[in-house]
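> Pasting a predicted model and its sequence here:
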Amino acid sequence: MNVLADGRLFVINDLYGFLSNRKGKAMVEDTDMPLKMQLQAMSTTSEALDLFDVFDCRSIAAHIKKVHIKKEFDMIYGPGWQCVVGSSFGCYFTHTEGSFMYFSLESLKFLIFKGAAA
C-alpha cells in the first residue's frame, strides 16, 4: 500500500490493516506527528468511513472523536484531542507539538490534533 506523507511516498505493507478497504490513497497534506501515530489516525478514519455515508461529516467526526480518540489517543497520548472532518473548511488553532495531522482520504479532509495546554 502506498501512502503519501509530507509529499514523500511511503510504501506500507498493510500495517495494522491500514486502509485495507479504501479505494485510492491517503494524502497527508501536513503533519508533525510520528509515523506510528499517523497510521493510527488514518486507520481510525478509514473505519469511520466504512460505517457512515461519506457526506455525513458530522457523524464521521463524532465517531472518530468518541470511539477512537477518547478511547485510544486520550489514553495513550493524554487528553485534549480534536477532530475536524469536511470537504471544505478553514480553521485557526494552537496544538501541542507532535500532535497535528491534516490529510485527505477519498473526498474528505481530516484534521486531527491535540489542543495546546493553556
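Yep, that arrived.
> going forward, measure contacts between C-alpha atoms and count neighbours the same way
OK.
> now the strands for the protein?
Ranges of strands in the chain, per DSSP state E, are 2-5, 8-11, 27-31, 81-86, 95-105, 108-115.
> Next one: G78 from K36, what distance?
Per Cα to Cα, to the nearest Å, G78 is found 16 Å from K36.
> Then T45?
Distance of T45 to K36, given as Cα to Cα: 14 Å.
> of these two, who's got more company?
T45 (22 against 10; other Cα atoms under 10 Å).
> For D56, which of the strands of the chain is the nearest?
D56 sits nearest to strand 81-86 of all the strands of the chain, at 8.9 Å, using Cα to Cα.
> Let's see that closest one as PDB, backbone CA atoms only.
Presented in PDB, the C-alpha positions along strand 81-86 are these (Å, rounded to 0.1, in the frame of the first residue of the first chain):
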ATOM      1  CA  TRP A  81      -7.700  15.600  21.100                       C
ATOM      2  CA  GLN A  82      -9.900  17.200  18.500                       C
ATOM      3  CA  CYS A  83     -11.200  16.100  15.100                       C
ATOM      4  CA  VAL A  84     -12.500  18.200  12.100                       C
ATOM      5  CA  VAL A  85     -13.900  16.500   9.000                       C
ATOM      6  CA  GLY A  86     -15.200  18.000   5.800                       C
END
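> That one to strand 95-105, inter-axis angle?
Compare the direction of strand 81-86 with that of strand 95-105 by axes from the mean of the first three to the mean of the last three Cα atoms, to 10 degrees and you get 30 degrees.
> Packing partners of strand 81-86?
Strand 81-86 is packed against helix 57-63, strand 108-115, with contacts defined by 3 or more Cα pairs under 8 Å, 6 or more residues apart in numbering; DSSP states H and E.
> With distance to Y102, mean pLDDT and mean neighbour count as extra columns, can I get these in TSV?
TSV is the format used below for these (distance: least, Cα to Cα, whole Å; pLDDT from 0 to 100; neighbours: other Cα atoms under 10 Å):
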stretch	distance to Y102	mean pLDDT	mean neighbour count
helix 57-63	14	90	19
strand 108-115	4	92	21
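> Which among those is found nearest to K25?
Closest to K25 of those, according to Cα to Cα: strand 108-115, at 11.7 Å.
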